[in-house]
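Next come a sequence and a model predicted from it.
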Amino acid sequence: MLLGGGALSVFSSESSNKVTVPIELRRGHVMVPVKAGGTNFSFLLDTGYGMTMLRADHAASLGLQRRGSMTIVGIAGEAPADVFEGPAFEIGGKSWKPRRVAALATSEGRSRRRDGILGSAFFRSFVVEIDPKAKTLTLHEPAQFKYSGSGEIVPLRFQGSTPIVSALVVLTNGTEVKTDFEIDTGCTGGLCIGKHFVEAHELVPTGRESERRGVGGGARTRSGYVPGLRLGKLTIDKPLADFFLEGSPADPPLAGHIGADVLNEFRVIFDYSRKQMILEKL
């Protein structure tokens, strides 16, 4: 999650209304080939970020002008980030220039294989189609996009720049609880459920204790699953879950967030312009 909202951006393309590029899946993360300043990069595709991010050393190598600072809010705290003018990126046959990008210190990014993050501004510029089975990313121009498939269309609302969906969680006693989740493609887990929701519904995870890490540090969790998750007419049986023993990946009343382990069961189309997410079972 990122304070400050998304930045305006512009894009241009060749005559085609869409372009498809190969992606790499790294432990569930969708990594997209991006070029800037003649250099090839690998960016994480992450709905959880409100602004496009660069590693600080890359911002320096591209000679970007600093334009201020902001605060990044993570699962366990906050971290400062410098803000720079946006460079021109190229993804497949499309060029895209966000107005601003932010840079975290390299130590905050942890993985040096992650050169940057494509966040909300990117999703607002394109209709973004992710096919984890084919390992492709297709970018459509929103004005020309029209969906005609048979997938489940799930309405989105936004809290700041973060997409939110309504869902039903099936508890161990068969009760169905209606709640809201963030959609977080940058999370490698299935469901990340906050301590407040775990305690309110007496969820008792039985897996080993571990830690989920993000901006600001880490939070203790225990692994397990819930019997079911319903998104529209779709039912996901026994999705894996990380139950937070402290804190939450999302502020109440949101239950938490839905991550890649659930989303990668589908071809997912994010259409922010029409406030919808489309799920096609693979």
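Thanks, I have the structure now.

quick one, domains of this protein?
The record's domain parsing of the chain by automatic domain parsing lists 9-144, 152-281.

Dump stretch 244-251 to CSV, keeping only the CA atoms.
Provided in CSV are the C-alpha atoms of stretch 244-251 (Å, rounded to 0.1, in the frame of the first residue of the first chain):
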residue,chain,number,x,y,z
PHE,A,244,-1.7,-12.9,11.0
LEU,A,245,-0.9,-13.3,14.7
GLU,A,246,-0.1,-9.6,14.9
GLY,A,247,-1.3,-6.7,12.8
SER,A,248,-2.9,-7.0,9.4
PRO,A,249,-2.0,-6.7,5.7
ALA,A,250,-5.0,-4.4,5.3
ASP,A,251,-6.8,-2.0,7.7
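
so how far is Ile72 from the nearest residue to Gly119 once chain neighbours are set aside?
Among residues not flanking Gly119 along the chain, Tyr49 sits closest, at 3.2 Å (C-beta to C-beta, 6 or more residues apart in numbering). For glycine as for every other residue, the C-beta is placed from the backbone atoms N, C-alpha and C. Tyr49 is 8 Å from Ile72, where distance means C-beta to C-beta, to the nearest Å.

neighbour count winner among those two?
Shown here are Tyr49 and Ile72; by other C-beta atoms under 10 Å, Tyr49 has more neighbours (27 against 23).

measure stretch 34-50 end to end?
End-to-end distance of stretch 34-50 (C-alpha to C-alpha, to the nearest Å): 18 Å.

again with stretch 251-267
28 Å.

For that stretch, list every residue counted as buried.
254-267 (16 or more other C-beta atoms under 10 Å).

where does the stretch 51-200 of the chain dip in pLDDT?
73-77, 105-113 (pLDDT under 70).

switch the cut-off to 80
71-79, 104-113 (pLDDT under 80).

Strands along that one, start to end?
53-55, 66-74, 77-85, 89-91, 94-98, 100-104, 116-118, 127-131, 136-140, 152-155, 157-159, 162-170, 176-183, 191-193 (DSSP state E, counting those that start in this stretch).

The fourth one pairs with which strands?
Okay, so that is strand 89-91. strand 29-36 (antiparallel), strand 94-98 (antiparallel) (DSSP bridges).

List the beta-bridge partners for Ile258.
Beta-bridge partners of Ile258, as defined by DSSP bridges: Ile183, Leu191.

what about stretch 228-246, how long is it end to end?
Stretch 228-246: ends 23 Å apart by C-alpha to C-alpha.

got the contact list for that stretch?
For stretch 228-246, the external contacting residues (C-beta atoms under 8 Å, 6 or more residues apart in numbering) are 152-154, 165, 167-170, 176, 189-195, 198, 203, 205, 209-210, 212, 219-227, 256, 258, 261-262, 265, 279, 281.

Flag every buried residue along that stretch.
228-229, 231-232, 236, 239, 241-245.

quick one: which of those residues is nearest to Met31?
Asp242 (21.8 Å; C-beta to C-beta).

pLDDT value on that closest one, please?
We have a pLDDT of 93 for Asp242.

now Gly217
Value listed for Gly217 in the pLDDT field: 61.

Which single one of the buried residues of stretch 251-267 is nearest to Pro80?
Nearest to Pro80 among these is His257, at 23.3 Å by C-beta to C-beta.

Show the contacting residues for that closest one.
48, 181-184, 187, 191-192, 249-250.

Taking those residues, tell me the two that lie furthest apart.
Gly48 and Leu191 (14.3 Å).

Need the phi and psi values for the closest residue to Phe41 other than its chain neighbours.
Closest residue in space to Phe41, ignoring its immediate chain neighbours: Asp115 at 3.8 Å, by C-beta to C-beta, 6+ apart. Asp115 adopts backbone torsions of phi -80, psi -20, taken as degrees, to the nearest 10.
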